[in-house]
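> Quick one: sequence and predicted model below, then my questions.
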Amino acid sequence: MNRQRRQWLEQSAAQVALIGSAAAAGVAGLLGSGCTSCRAGWGLGAETAGATGAAHTGLPSGSQALPQAQLSSAELPPLAPREWRAAWVASVAHIDWPKQAGLSESTLRTQILDIAQRVRGMGLNALILQVRPAADALYPSRLEPPSEYLYAQGQPGAAFDALQLWVQACHAQGLELHAWFNPYRARHPSARQALHEGHVARRHPGWVHRYGDLMWLDPGQPEAQEHSLKVIADVVQRYDLDGVHVDDYFYPYPIKGADGRDLPFPDEDSFRRHRPAGMGSSEAERAQWRRSNVDHFVEQMYRRVHALKPGVQVSISPFGIGRPDRRPAGIVGFSQYDQLYADVERWCERGWLDALVPQLYWPRSRPAQSFEKLLDYWLAHNPHGRHVWAGLYTSSVANGTPTAWSPDEILWQIDRQRERAASTGHAHFSLQALLQDRGGLANELPRSRYAQAALTPAMPWLAQGPAPTAPVAHRLPDGRILLSSGSGAPARRFAVWRRTRSSALAGWSFEVLKASGPLQGTAPTAAPIPGPSSTAALPRVPGAADEVVVVQALDAAGREGPRQAFVVGT
């Protein structure tokens, strides 16, 4: 964590002494009667195995429709809950991944695949990957230089696309992948390499200021704002992302000078040139102008992302305490409204985000930054009913410091979040604490809080056209099972429940499969198999007997179609 931000977290708690004591859901839309064509008994539906023909022209000749199982409501699997269970993956300063620069492509590939698999095993369903830590790129880019946190001494090769591999690995494990951008940080104190010739500080030095041991793009420079927006748009266009994410770094956290006072951010020139006509030069007016700069970026990011891909989510994780004039009684601490110029309440009022992830990074022992009060505050400032996901400071668990948290603190916070139906998830900062299983937390979560797998929450305001219809399933000539969306909206993913026909009704397993375009052929050089536009191959369990599989299509907004059961024979 940035030391200025850590300092402000601590000072937020310390203010208690200075000013006196302070007071301290199921899947929506599933058919109530069960799956499509459900009737009592275990008979097969009218669509029995046979050559497909006209219903799905374009499938390979000889493909056969799977028989539908007729399940009663009592025989259906339990509904999957909806909850966002995410973790931040910070690349800056090698916090989470990669742990060092200059690793080989094979090493990086192994790490990414292993992390995605481990994350799924923990019970998470989303990762927030930092792809632009400091005006650089952890992916091939024509707009910004390679990040020194990934590339060094010619490794990995320039063509290696870590982001594409992360997308593929996460989707293969049923995880969402959100790309995390730092809009304005241009250089972090942990940087060691010389500035790349393509870095914005060398190409456009007038856009960048030195501030303490940082370099920072000036939010008041319209060209700097536009550059960051183009970077985000470029990634949205090129990658199959589930979301775009920015954190709390807009204007930088204040840094103290030698005299102990906050250093002023050096934007005098941009304020003089770009402030609105008639605006004066007072500090209050400059603060108003700075907030308008940040507002403009947030609004434009939201509108441009959805103009490119309406189903891509936009989330923001601000500092956890709101503006001073609206805080609950007893809450004290750092003002992002006055210091970072982030008017988060306004963004919520305007609907410029799909999810708010406030960083509620304090334990129960600090009532002046009460987790419950602050979560309730943000839920109350959400007029558009967007998602509010609690940011958890999991890195404080068993971290070897005198102020380390017990893992019970995170479990308690998850429980308190779940007590509030309007709060639909949470995110852990950061992934390393879980990968290291600090305090046994990563082992405990799948045993208790994450014992039941969850679908990510739906975002109906992003929906386009009709909801998905019941999926269909075919056995291809090479033996693979192809799931495909019906006649409604294309599927983004398929929710799949499965069990052997001989197992008990409680023996259902659950997984999420990413839907894609036409299914690829078996040979490495085979062309895609023409067919339905939204498909997924159903993995077979080695040695499994006949299975009953219940499938549900979900679109990009998370809307569900009806569940349909099939019999998959050996």
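Happy to help now that I have it.
> Residues in a beta bridge with residue 425, which ones?
residue 84 (DSSP bridges).
> I figured residue 491 hits residue 554, correct?
Yes - judged on Cβ atoms under 8 Å, residue 491 makes contact with residue 554 at a distance of 6.4 Å. C-beta coordinates here come from the backbone N, C-alpha and C atoms, glycine included.
> quick one, which of these two is more surrounded?
Each of residue 491 and residue 554 has its neighbours counted (other Cβ atoms under 10 Å); residue 491 has more, 30 against 25.
> For my notes, confirm the more buried one occurs in a helix.
No - secondary structure of residue 491 (DSSP: H, G, I helix; E, B strand; the rest coil): coil, not part of a helix.
> That one: what's it in contact with?
Residue 491 is in contact with 468, 471, 484-485, 515, 534, 536, 553-555, 561, counting by Cβ atoms under 8 Å, 6 or more residues apart in numbering.
> Could I get the phi/psi values of it?
phi -80, psi 140 (degrees, to the nearest 10).
> and for residue 491 and residue 554, which residues touch both?
Taking Cβ under 8 Å, 6+ apart as the criterion, residue 491 and residue 554 both touch 468, 561.
> Centroid-nearest residue for the protein?
Central residue of the chain (Cα atoms, centre = their mean): residue 178, 3.8 Å from the mean position.
> tell me the secondary structure for that one?
Secondary structure, three-state DSSP: residue 178 is strand.
> ok, now residue 333?
Following three-state DSSP, residue 333 is assigned to coil.
> from here on, count from 690
OK, 690 is where the count begins now, so the last one is residue 1022.
> Can you give me every residue that contacts residue 1053?
Residue 1053 sits next to 1060, 1098, 1101 when contact means Cβ under 8 Å, 6+ apart.
> Where does it sit: helix, strand or coil?
Of the three states, residue 1053 takes coil under three-state DSSP.
> Could you measure from it over to residue 964?
According to Cβ to Cβ, to the nearest Å, residue 1053 and residue 964 sit 44 Å apart.
> before we move on, what about residue 897?
Separation of residue 897 from residue 964 (Cβ to Cβ) stands at 20 Å.
> Who has more neighbours out of these two?
More neighbours surround residue 897 than the other of residue 897 and residue 964, with 23 against 17 (other Cβ under 10 Å).
> Report the spatially closest residue to that one, excluding sequence-adjacent ones.
Of all residues not flanking residue 897 in the chain, residue 890 sits nearest, at 4.3 Å (Cβ to Cβ, 6 or more residues apart in numbering).
> Secondary structure element holding the one you found?
Following DSSP states H and E, one finds residue 890 within helix 889-892.
> Mind giving me the packing neighbours of that helix?
Judged by 3 or more Cβ pairs under 8 Å, 6 or more residues apart in numbering; DSSP states H and E, the packing partners of helix 889-892 are strand 874-876.
> contacts for the strand it packs on?
Under the criterion Cβ under 8 Å, 6+ apart, residues 822-824, 884, 888-890, 897, 903-906, 938, 941 lie in contact with strand 874-876.
> rerun that using 7 Å as the cut-off
823-824, 889-890, 897, 903-906, 938 (Cβ atoms under 7 Å, 6 or more residues apart in numbering).
> I'd assumed residue 1011 was in a strand, is it?
No - under three-state DSSP, residue 1011 sits outside any strand and is assigned coil.
> Go ahead and confirm the residue nearest to residue 897 touches residue 904.
Yes - applying Cβ atoms under 7 Å, one finds residue 890 in contact with residue 904, separated by 5.7 Å.
> higher neighbour count, the two?
Remark: of residue 890 and residue 904, residue 904 carries more neighbours, 23 against 20, as counted by other Cβ under 10 Å.
> Chain neighbours aside, what residue packs nearest to the more buried one?
residue 876 (3.6 Å).
> which one is residue 1094 nearest to, not counting chain neighbours?
Nearest one to residue 1094, counting by Cβ to Cβ, 6+ apart, is residue 1085 at 4.3 Å.
> tally of neighbours for the one you found?
With other Cβ under 10 Å as criterion, residue 1085 counts 21.
> do you know how far residue 848 is from residue 1022?
Distance of residue 848 to residue 1022, computed by Cβ to Cβ: 46 Å.
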